[in-house]
Structure formats: structure tokens, C-alpha cells
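Visitor: pasting a predicted model and its sequence here:
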Amino acid sequence: MKKSYIILSFLMVQIMESTFFAQIIYIPTPKGTNQVEALGGYTPDSPSDIANWENFIASFILENSWQVTPKDGATTAYNCHSYAWYRSEGGIDNYSISAYLQSDLSNFYSKNYNTTLPLSNNVNKYWTDASYSMSAVKAGAKVWYGSCWTWNSYTEEWDNPCDHSAVVISASGVGIYESKWGKYGRYTHPPDHCPWASGTHLFYTINPPVISGSALICSGYPKIFSSSSWLQGNYYWDVSSNLKLSSATTNPTTVTANGSGAGWIKILDRNNKELTRFNVWVGLPHFSLSGPTTSVVGAINRFTLNFTSPSADASTIWSATPGCHEMYFNSTTMADIIFTTVNSQHWVRADVTNTCGTMSYYYHYVDVDCWRACPSCPCQSIIWSPPPPYPNPASETFSIEIDTEAIARGFEKVNGSITCDIRLYDGQGNLLQQTYSKGGKVEFNVTNLPNGIYYLHVYDGESEKPAMHQIVVQH
């Protein structure tokens with residue numbers, strides 16, 4: 001046990017000494033909102049030093065019966081924190097990163113029991129600015145062993161057997177880590193087969209970069225895209241074939257149209273692994289129009305635009321056979337239309353505009369027939385269709401005009417004996433109000449109804465289906 005303390009303390013002294021490089025360099029975290037202190041000015045190690053370090057650590061590994069696999073030789077070019085947080089993410093410079101700020105280390109005296117113990121306020125910058133988030137153990141996660149300063153009464157100095165970082169290679173079984181051991185080599189090893197076996201292991205996974213930019217790209221109008229975090233030399237832009245990049249390696253970058261349709265912008269790591277994707281649309285809006293192809297006079301027909309392109313920044317102008325329809329309701333994506341005459345070639349058209357221009361849908365045709373059970377009766381004699389209620393939206397009351405004489409003429413009822421059954425339903429089909437009319441103005445009170453969309457059905461006693469109107473209640 002005494003020899004183990006001596007070896008561990010010797011390791012700690014060597015590691016602390018290896019952090020005193022010539023100059024302080026500041027490395028941005030992946031998110032770019034924090035700067036981590038790194039020590040540069042690396043001087044190449046002598047072959048004799050390297051040989052001594054290799055022999056020493058080989059004996060140490062053998063004495064502890066550790067199952068490790070060498071991945072890199074002894075060197076002071078980088079240390080455990082530099083490897084885990086910087087080099088394993090594509091960094092190539094010879095930096096050593098301490099868990100502690102140099103200003104704190106300058107006031108730390110390892111052989112003074114009453115010294116001020118430094119806190120890990122340097123390495124924790126990687127997760128305190130949300131570049132990394134704490135996660136479960138999984139391949140690729142960073143491991144922070146923690147900081148646990150302990151007074152070693154045998155050597156009479158402060159040791160920190162937890163101050164270490166590693167990368168998870170495999171989470172299966174006990175797990176396999178890869179880490180750099182101070183100025184000694186870099187190894188893959190089980191979690192406890194290294195000089196820093198103490199501490200509670202905390203796992204951190206890098207938060208993928210977030211791409212900002214426009215979801216719509218028009219021909220001739222380049223767009224700028226940027227990433228919330230960017231590791232220069234490790235992150236690269238990539239785009240779909242209908243786009244072009246000004247640069248794959250700089251952040252931000254400029255993207256131009258090279259075609260049309262659905263496209264994407266990605267950020268890849270140095271292994272061409274996709275880190276994040278931003279979907280875009282290139283060019284004019286693209287959509288299809290669906291709806292009924294047959295209908296009857298007076299029925300509400302819903303027509304829908306099915307967008308392939310984004311609909312959020314689009315606007316739609318709906319139109320239908322002139323003079324023969326009511327535009328009951330319309331929005332960017334749908335329209336409710338009532339046809340008022342019989343025609344086998346009624347049409348509906350949608351003109352959709354986005355920033356890039358306008359695309360029209362020519363045409364959706366509807367065969368509109370008579371609305372009653374008597375196929376032999378002349379549909380052309382139907383001259384009445386329920387007019388829309390008013391006001392709409394309504395806050396207190398709305399009214400509808402019922403012309404029973406016109407209905408009677410349409411159905412060849414010379415005595416005009418028509419009674420309309422008028423019902424108000426909510427969106428779930430619940431009957432809320434009902435009244436009957438032989439003609440004239442019919443009023444409904446909606447004062448006590450909550451805001452929303454309601455449906456008025458007018459049954460004339462002759463037609464198979466009611467005429468329907470949509471009512472918006474808005475207090």
C-alpha cells in the first residue's frame with residue numbers, strides 16, 4: 001500500500017508539472033459562449049524522457065495487473081482533459097488543459113495543509129454553458145471523474161485521485177474508456193484500471209449544433225445559415241443537390257438555390273457523421289388540391305391544399321365558377337364552397353404565393369347535380385339556396401332569411417306549403433337550438449355559447465340533405 005501511495009503521488013506531481021507550458025491559449029467551447037484555458041508552447045520531449053516515462057508506466061500497469069491497450073505513446077503534447085474534450089472532437093493542436101484555472105493553481109501549494117484548494121472552474125466550462133449535457137453512460141460520452149482533494153499523510157501533500165477525463169468507447173459490461181494519463185501514454189481500459197480510480201463518474205454528451213436560417217430559399221437570393229456552435233476543423237456543412245454552398249468549412253456560410261423542391265442543410269463531423277439537419281424548401285410553392293368531384297346544389301364542399309412546401313409563409317387566393325358559388329370559409333390550406341347552380345363542370349382554383357412567387361392549380365372540376373330525391377324533376381327550376389346568416393362572426397345574435405315561397409316554386413308546390421326546420425349544432429354534433437319557420441327572418445341567440453365554430457342546418461322538408469352554414473361565435 002505504501003508503494004502505491006508513492007507511485008500515485010509521483011504520478012500526480014508529474015501531471016501537475018506537465019501543465020506548466022509556456023503560454024495560455026483560450027479554446028472556445030463547442031457552443032462558443034465560454035473560453036477554456038489551454039496551455040500551449042509545447043516543447044518536444046527528448047527520446048530519453050519518453051523512454052523513461054514508458055518504462056515507468058509499464059511497470060506501474062504490470063504491478064496493478066491492469067488490462068489496458070496502448071493507443072498513443074508518452075508525450076507532454078496533451079493531457080487527459082485535452083484529449084477527452086478537445087482532441088477527441090477533432091482538435092489537432094498541442095495543448096494541455098487543466099481542470100483548474102491557472103490563477104487558482106498559482107495560489108495552491110500542494111505541501112501546505114492550509115492552502116486554498118482549487119475548484120474545477122476550467123474544465124467545467126464545457127458543460128456549464130450547455131455545450132454538453134449530463135447523460136447516461138453511452139459510447140462517445142465524456143467522463144469526468146470529479147475532483148476530490150485528499151491530504152496524503154504519508155507524503156504530506158494534497159493528492160487528487162479523481163482529477164481525470166476520459167471518453168466512453170463501449171458501455172457494455174463494466175465499460176471501456178479511452179484516456180490520456182498525464183505525460184504518459186493514452187490507453188483504452190476498464191473504468192477502474194487507471195491511476196484515477198476514485199470519484200463518481202459523471203457522463204456528458206455534446207449537444208448537437210443548432211442551425212439558424214430561412215426555411216425558404218428563392219432562386220437568385222442567397223441565404224445565410226449559421227450554427228449555434230462550431231468546432232473549426234471538426235464540423236463541416238453539407239447541402240442537398242438543389243443547393244450550393246459558399247464554404248463547407250466556415251461558420252456562417254451562404255447557401256444559394258441550384259434547383260427546386262425539398263432540400264436540406266446538414267452539419268457533419270470529421271467522420272461524416274450527421275450531427276444535425278435543417279430542412280428547407282427551394283423555389284415556388286408546391287401542393288395538390290383535393291376535394292369532392294361530385295356534389296349537389298346547396299351542399300358545403302370542403303377543398304384542401306396538401307402542401308409539399310411549407311405553408312406557414314404562404315397565402316392562398318381561392319376562386320370558383322363565377323356567379324355560381326358562395327365562398328363559405330377559406331384559409332391558406334382549405335376552403336368551404338357552396339355551389340348554387342347545376343353544372344357538370346363547376347371548377348375550383350387555388351393560387352398560392354410565397355416569397356419566391358405564385359403557383360396556380362388549374363383546375364379542380366366538380367359535377368354538381370340537383371339536391372332532391374326526384375331525379376326526373378328539372379334541377380334548373382331550383383332557384384333558392386339559403387343565404388348566409390349574418391352577422392358572422394356573431395357575438396350576441398345572428399339571423400338567417402328563409403324564403404319558403406322560393407323553395408315551394410322550386411319543388412312545384414303551388415300552395416307554398418313549406419316549413420323549414422332550422423337547427424344549430426356545435427362542432428361535436430350536439431344539437432344546441434332548434435326552431436321552425438314558414439318564412440322570414442329567423443334569429444338565434446348565442447350570448448351564452450363559448451367562442452368557437454358552430455353549424456346551422458336548414459331542412460326544407462323536401463331535399464335529402466340540409467343546407468349548411470358555418471357560424472363563428474366570437475365575444
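Guide: That came in fine, so what should we check first? Numbering: from 1, shown residues only.
Visitor: quick check: mean pLDDT across stretch 154-164?
Guide: For stretch 154-164, mean pLDDT rounds to 91.
Visitor: got the end-to-end distance for it?
Guide: 22 Å (Cα to Cα, to the nearest Å).
Visitor: now swap in stretch 208-217 and tell me
Guide: Across stretch 208-217, the terminal residues are separated by 24 Å (Cα to Cα).
Visitor: before we move on, what about stretch 42-53?
Guide: 17 Å.
Visitor: any idea of the mean pLDDT for it?
Guide: The model assigns stretch 42-53 a mean pLDDT of 93.
Visitor: just stretch 391-401 next, same as before
Guide: Mean pLDDT, stretch 391-401: 90.
Visitor: may I have it exported as PDB, CA atoms only?
Guide: Backbone C-alpha positions of stretch 391-401 (Å, rounded to 0.1, in the frame of the first residue of the first chain) are rendered in PDB as follows:
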ATOM      1  CA  PRO A 391     -73.600  38.800 -38.800                       C
ATOM      2  CA  ASN A 392     -70.800  36.200 -39.000                       C
ATOM      3  CA  PRO A 393     -68.900  36.200 -36.700                       C
ATOM      4  CA  ALA A 394     -71.600  36.700 -34.100                       C
ATOM      5  CA  SER A 395     -71.300  37.900 -30.500                       C
ATOM      6  CA  GLU A 396     -74.900  38.100 -29.300                       C
ATOM      7  CA  THR A 397     -77.400  37.000 -32.100                       C
ATOM      8  CA  PHE A 398     -77.300  36.100 -35.800                       C
ATOM      9  CA  SER A 399     -80.200  35.800 -38.300                       C
ATOM     10  CA  ILE A 400     -81.000  33.900 -41.500                       C
ATOM     11  CA  GLU A 401     -83.600  34.800 -44.100                       C
END
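Visitor: and the contacts of that stretch?
Guide: The set of residues external to stretch 391-401 that reach it, using Cβ atoms under 8 Å, 6 or more residues apart in numbering, is 386-390, 422, 440-447, 456, 458, 469, 471-475. Heads up, the C-betas are built off the backbone N, CA and C, glycines and all.
Visitor: which of those residues fall in strands?
Guide: Residues of those located in strands (DSSP state E): 422, 440-445, 456, 458, 469, 471-473.
Visitor: can you pull out the strands in the stretch 351-475 of the chain?
Guide: Secondary structure of the stretch 351-475 of the chain (DSSP state E, counting those that start in this stretch): strands located at 357-369, 397-402, 420-425, 431-437, 440-445, 452-459, 467-473.
Visitor: ditto for the stretch 51-200 of the chain
Guide: Along the stretch 51-200 of the chain, counting by DSSP E, counting those that start in this stretch, strands occupy 69-72, 132-134, 142-144, 150-152, 157-159, 165-170, 176-180, 186-189.
Visitor: now for these, which one comes closest to Ser96?
Guide: strand 176-180 (9.7 Å; Cβ to Cβ).
Visitor: note down every partner strand of the closest one and its orientation.
Guide: Applying DSSP bridges, strand 176-180 is found paired with strand 165-170 (antiparallel), strand 186-189 (antiparallel).
Visitor: from the chain's centroid, how far away is it?
Guide: 32 Å (Cα atoms, centre = their mean, to the nearest Å).
Visitor: swap in stretch 25-45?
Guide: 31 Å.
Visitor: pipe the strands of the stretch 51-200 of the chain into TSV and attach mean neighbour count per row.
Guide: Below are these laid out as TSV (neighbours: other Cβ atoms under 10 Å):
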stretch	mean neighbour count
strand 69-72	14
strand 132-134	15
strand 142-144	24
strand 150-152	13
strand 157-159	19
strand 165-170	21
strand 176-180	24
strand 186-189	20
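Visitor: to Ser295, which of these lies closest?
Guide: Going by Cβ to Cβ, the one of those nearest Ser295 is strand 132-134, 55.3 Å.
Visitor: other residues contacting that closest one?
Guide: Strand 132-134 has contacts (Cβ under 8 Å, 6+ apart) with 30, 126-127, 142, 202-207.
Visitor: got a pLDDT number for the residue lying closest to Gln345 once chain neighbours are set aside?
Guide: Using Cβ to Cβ, 6 or more residues apart in numbering and skipping the chain neighbours, the partner closest in space to Gln345 is Tyr365 (5.8 Å). Tyr365 is assigned a predicted lDDT (pLDDT) of 89.
Visitor: related to what we said a few turns ago, ok, so of the ones in strands among the contacts of stretch 391-401, who is nearest Ser172?
Guide: Val472 (59.8 Å).
Visitor: now the helices for the stretch 301-450 of the chain?
Guide: Taking DSSP state H, counting those that start in this stretch to define them, one finds helices in the stretch 301-450 of the chain at 404-410.
Visitor: any low-confidence regions in it?
Guide: For the stretch 301-450 of the chain, the stretches flagged by pLDDT under 70 are 370-386, 404-417.
Visitor: look up how far Val442 lies from the closest residue to Leu105 other than its chain neighbours.
Guide: In space, and not counting its chain neighbours, Leu105 is closest to Pro118: 5.7 Å by Cβ to Cβ, 6+ apart. As judged by Cβ to Cβ, to the nearest Å, Pro118 and Val442 stand 84 Å apart.
Visitor: these two: who's more crowded?
Guide: Taking neighbours as other Cβ atoms under 10 Å, Pro118 and Val442 compare with Pro118 leading, 23 against 18.
Visitor: ok, how many other residues are close to the closest residue to Thr33 other than its chain neighbours?
Guide: Here the nearest residue to Thr33 in space, its sequence neighbours aside, is Asp129; by Cβ to Cβ, 6+ apart that works out to 4.5 Å. Asp129: 19 surrounding residues under other Cβ under 10 Å.
Visitor: how many neighbouring residues does Ser331 have?
Guide: Burial of Ser331, expressed as a neighbour count using other Cβ under 10 Å, amounts to 12.
Visitor: which parts of stretch 30-49 are buried?
Guide: Using 16 or more other Cβ atoms under 10 Å as the test for burial, stretch 30-49 gives 30-32, 34, 36-39, 42, 45.
Visitor: closest one to Tyr221 among the strands of the stretch 51-200 of the chain?
Guide: strand 132-134 (36.4 Å).
Visitor: so in that sheet, which strands flank that closest one, and in what orientation?
Guide: Counting by DSSP bridges, strand 132-134 is paired with strand 202-206 (antiparallel).
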